[in-house]
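[1] Got a sequence here, can you build the structure:
(one chain, ligands or ions: 2)
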Amino acid sequence: MSAVHSIDTGTEQELTDGFHLIIDALKLNGLNTIYGVPGIPITDFGRMAQAEGIRVLSFRHEQAAGYAASIAGYLTKKPGVCLTVSAPGFLNGLTALAHATTNCFPMILISGSSEREIVDLQQGDYEEMDQLAIAKPLCKAAYRVLHAQDIGIGLARAIRSAVSGRPGGVYLDLPAKLFGQVMNADAGRKSLVKVIDAAPAQLPAPDSIKRALDVLKSAKKPLIILGKGAAYAQADDAVKALVETSGVPFLPMSMAKGLLPDTHPQCAGAARSTVLKDSDVVMLIGARLNWLLSHGKGKAWGDAPKKFIQIDIEPKEMDSNVEIVAPVVGDIGSCVAALLDGMGKSWTKASSDWTSAVTKKRDENVAKMAPKLMNNNSPMDYHGALGVLRTIIAERPDAMLVNEGANTLDLARGIVDMYKPRKRIDVGTWGIMGIGMGYCIAAAVETGKPVLAIEGDSAFGFSGMEVETICRYNLPVCIVVFNNDGIYRGTDVNPTGGPDVAPTVFVKGSRYDMMMQAFGGVGVNATSPDELKRAVNEAMDSGKPTLINAVIDPAAGSESGRIGNLNPQSVLSKKK
Ligand code: ADP
Ligand code: MG
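    Ligands and ions are numbered 1, 2, ... in the order given. The predicted structure follows:
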């Protein structure tokens, strides 16, 4: 344990303080990386944490640091830690905290705060804000520690809240005065808590397993949907065994791609609309029936009646959108193991009429897409550019893939096959822009693998300044900016003829690659799929921070990518 020594009433007493107790509590619980931005009152804390062996990564904006912490939590099943200053820094970190909660990622946002006495009397302190109250509705739990002797318990509560049950974001408020509080080092040591079994197994009820298997057995056209909860659970072998023993076609949600390879014979990714419509029993494993699955009803799901089996750790998730006839509540590892157990050795696999119909549809769709992916057009279209990146990921299945944008996201998700679990990280449940560079940094730091980011030009802009962070820590990140001069498309015009360009249009012919060069990284301007391929392979081989400006035809995109239907329509505006 780190400690400060001093002379106290003539006898030498070993002392510690708030700074060191927080550091010791983090280390005791294996939280060895902090993503943050320094400033009052946490600057010295960051310095001391680094001196004590914690990896402290400083970002240019708290939101990016927060997104990094959130995805670190997803990748490791330990809470990612984000550290910010008070009020404005705290607020910048909140978007990521809410994102972590929404996506069920464990994360702890630790913010320094101003003096309670002044804040609570609203006397106008430096960066005055009642941060705890503001954080509460945006996270799973929020705590404030006022006394040094409570630091151990405070962090233990934060860790448990973040990772147990359905994971999520936790806020930990540390007022400036706490850091300097002194206490006896031995008492301090004893006050720390090493959290035992932070995310205890939650076993499903045997009845629920039997019910689920009865429903599955009755199916003529079963489907398994794997969500990012299944990927998070790290029960990869059990999930694979369940899918293969059942013989049921599976559909991976975006971040569950690769949990089983997209090229697996049972993968129905390329026959998505068919399996949603035609299936009669659907088993959801760590996937919610939210907007991303059209709420489990309506046109996308067809007219045939459906029965849903759902495996989730959160009991309240059941019946959230439609009736769940077989709820299985527990952690995915335990639930899947119990299902496998119940299936035994003699389980009858899904009928080959159904599985071969799905395979046929999938193969047709894949064949239809293939020639588009091989075009060498310049300027590039999405398919030509993504065809190249698809091959690169096939050749480098260990690489991490970060993906955000509109068309760049929707098309890359469909085109780029994944081969291993938890390799694809993207915009998640909210479909947010801005996760890009934070995710790249955490992916490189937490996995030690090379990272390929496929970024829309607009999406990149939200966190683009973090390329300096990537260069500063010399991380093996290759960013490909799909530059089509704007949002959705770069071709909109201002209908008034006034001097401003249309709201969706950026500077034409921008050179994002030069941003990377400004910080000593490699920048490449790629105008054809061949050039793009060469540049990405070089970056992945060298591990040097690289940004490739991929010039995409400004007319190639479509409004809002695949979710244009979510835009409200005005009866007054003429349809284009
Ligand atoms: P996707 O967007 O990929 O469909 P969602 O985020 O909608 O995934 O759903 C993930 C689900 O997984 C959430 O309902 C969450 O409660 C659940 N979940 C997360 N971790 C576990 C776990 N270890 N065991 C069981 N369920 C989990
Ligand atoms: Mg664009």
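
[2] and the residue of the chain found nearest ligand 1, how many neighbours?
    Evaluated by CB to the nearest ligand atom, the chain has Gly229 as its residue closest to ligand 1, separated by 1.9 Å. Backbone N, C-alpha and C define where each C-beta goes, glycine included. Each residue near Gly229 was counted by other CB atoms under 10 Å, and the total is 26.

[3] Could you say which helix or strand holds it?
    Gly229 is part of helix 228-232, with elements assigned from DSSP states H and E.

[4] In PDB, list the C-alpha atoms belonging to that helix.
    Taking C-alpha atoms only, helix 228-232 is exported to PDB below (Å, rounded to 0.1, in the frame of the first residue of the first chain):
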ATOM      1  CA  LYS A 228     -24.500  -8.400 -27.500                       C
ATOM      2  CA  GLY A 229     -25.600  -9.700 -24.000                       C
ATOM      3  CA  ALA A 230     -24.600 -13.200 -25.300                       C
ATOM      4  CA  ALA A 231     -21.300 -11.800 -26.500                       C
ATOM      5  CA  TYR A 232     -20.700 -10.000 -23.200                       C
END
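
[5] partner residues bridging the closest residue to Gln517 other than its chain neighbours?
    If the residues on either side of it in the chain are set aside, Gln517 comes closest to Gly523, at 4.1 Å by CB to CB, 6 or more residues apart in numbering. Applying DSSP bridges to Gly523 yields these beta-bridge partners: Leu547.

[6] which SS class is the closest residue to Val56 other than its chain neighbours?
    In this structure, Val56 finds its nearest non-sequential neighbour in Gln50, 4.5 Å apart by CB to CB, 6+ apart. Here Gln50 is recorded as helix under DSSP: H, G, I helix; E, B strand; the rest coil.

[7] okay, Gln50: pLDDT?
    Here, the pLDDT recorded for Gln50 equals 98.

[8] same thing with Val4?
    55.

[9] Equivalent analysis for Lys576, please.
    Model confidence at Lys576, expressed as pLDDT, equals 47.

[10] isn't the residue nearest to Gln517 right up against Ala535?
    No. The criterion here is CB atoms under 8 Å, and Gly523 misses it with Ala535 at 9.6 Å.

[11] Who are the contact partners of the residue nearest to Asp553 when sequence neighbours are not counted?
    Once flanking residues are discounted, Asp553 sits nearest to Pro379: 4.5 Å by CB to CB, 6+ apart. Pro379 makes contact with 527, 551-553 under the criterion CB atoms under 8 Å, 6 or more residues apart in numbering.

[12] Please tell me how far Pro379 sits from Lys257.
    Distance, Pro379 to Lys257, by CB to CB, to the nearest Å: 28 Å.

[13] Just send the contacts of Pro379 back as a markdown table, with secondary structure and neighbour count too.
    Below are the contacts of Pro379 laid out as a markdown table (DSSP: H, G, I helix; E, B strand; the rest coil; neighbours: other CB atoms under 10 Å):
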| residue | secondary structure | neighbour count |
| --- | --- | --- |
| Thr527 | coil | 14 |
| Val551 | strand | 24 |
| Ile552 | strand | 27 |
| Asp553 | coil | 19 |
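
[14] Using JSON lines, lay out those together with distance to Arg413 and pLDDT.
    Below are the contacts of Pro379 laid out as JSON lines (distance: CB to CB, whole Å; pLDDT from 0 to 100):
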{"residue": "Thr527", "distance to Arg413": "25", "pLDDT": "98"}
{"residue": "Val551", "distance to Arg413": "22", "pLDDT": "98"}
{"residue": "Ile552", "distance to Arg413": "17", "pLDDT": "97"}
{"residue": "Asp553", "distance to Arg413": "20", "pLDDT": "94"}
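
[15] ok, of the residues you listed, which one's closest to Asp341?
    Looking at the contacts of Pro379 and their distance to Asp341, the nearest is Ile552, at 50.3 Å (CB to CB).

[16] right, and the closest one touches Ser378 too?
    No. If you go by CB under 8 Å, Ile552 and Ser378 don't touch, sitting 10.4 Å apart.

[17] Name the nearest residue to Leu226, ignoring sequence neighbours.
    Nearest non-adjacent residue to Leu226, counting by CB to CB, 6+ apart: Ala256, 4.1 Å away.

[18] And for Ser86?
    Per CB to CB, 6+ apart, closest to Ser86 is Glu127, 4.1 Å.

[19] same deal with Ile22?
    Excluding its sequence neighbours, the residue lying closest to Ile22 (CB to CB, 6+ apart) is Ile151, at 5.6 Å.

[20] What of Glu62?
    Distances taken as CB to CB, 6+ apart put Asn92 closest to Glu62, at 3.6 Å, once the chain neighbours are dropped.

[21] likewise Ser161?
    Leaving out its chain neighbours, Ser161 is closest to Ala141 (CB to CB, 6+ apart), at 3.8 Å.
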